[in-house]
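Engineer: Task: produce atomic coordinates for the following.
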Amino acid sequence: MATIYTHAFVGLGLGRLYAVRPMPWAYWCLTALLPIVPDFDVFSTAAYGAPLGHRGITHSLVFALLLSVLAAGATCRYFRTRWWSLAGLFFAAIASHALLDALTRGSMGIPFFWPLEVRHGNWGLIPVSDLSFELPDPRHSRALRAELLWVWLPTGVLVGLATAYRRLRRFKSASDTVA
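Structural biologist: This next block holds a predicted model:
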């Protein structure tokens, strides 16, 4: 599985791509937390890979859809945004968890299409997380080094390009109205 830091970073990146105006701090907390929620199944007493165990139904698209609908319904008025677009953002953030876990090598596949029994994943770009509860150190963690290269860097570049494009477009439209 990918580290929780990477799951949160991808959620924040998606949140930044979505936000075209300043958003409250609760929005940023939610975009960082929602992609981590599927890993709360590690506290389950069910067996690893069982539907209620780790890498079970919480890693499915059905779970991502249900949680995103609930989270968007509870927060769309507070964030002053459309429910359907916020639900789409939250769905992408939560579903990104399963995709990132599927990109790890080793471990069990992901039941994207639960309740179907087919599991997908182990596509091998990222080693399974070797971190526990200590602060992450890329000098000692091969998983974190791989995540920085394969996830953090592309996410940062994509968000940077989108932000630069928005600012350039806003600057151009402001200069067009002045002229």
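
Engineer: drop to CA atoms for contacts and neighbour counts, all remaining ones
Structural biologist: OK.

Engineer: tell me what the helix or strand of the chain with the lowest mean pLDDT is packed against?
Structural biologist: In the chain, no helix or strand scores lower on mean pLDDT, DSSP states H and E than strand 126-127, which sits at a mean of 80. If you count contacts as 3 or more CA pairs under 8 Å, 6 or more residues apart in numbering; DSSP states H and E, strand 126-127 packs onto strand 104-105, helix 142-147.

Engineer: switch to 6 Å and redo it
Structural biologist: Strand 126-127 is packed against strand 104-105, with contacts defined by 3 or more CA pairs under 6 Å, 6 or more residues apart in numbering; DSSP states H and E.

Engineer: how far is stretch 58-66 from where the chain is centred?
Structural biologist: Put simply, stretch 58-66 sits 13 Å off its chain's centre (CA atoms, centre = their mean, to the nearest Å).

Engineer: no wait, stretch 163-178
Structural biologist: Here stretch 163-178 is found 29 Å from its chain centre; the criterion is CA atoms, centre = their mean.

Engineer: Could you do stretch 154-164 as well?
Structural biologist: With CA atoms, centre = their mean, you get 15 Å for stretch 154-164.

Engineer: Quick one: mean pLDDT for that stretch?
Structural biologist: The pLDDT scores in stretch 154-164 average 97.

Engineer: Buried residues, it. List them.
Structural biologist: 155, 159 (16 or more other CA atoms under 10 Å).

Engineer: Could you do stretch 49-61 as well?
Structural biologist: 49, 51, 52, 53, 54, 55, 56, 57, 58, 59, 60, 61.

Engineer: Tell me which residues are up against it.
Structural biologist: Stretch 49-61 is contacted by residues 38, 41, 42, 44, 46, 47, 48, 98, 111, 112, 113, 114 when judged by CA atoms under 6 Å, 6 or more residues apart in numbering.
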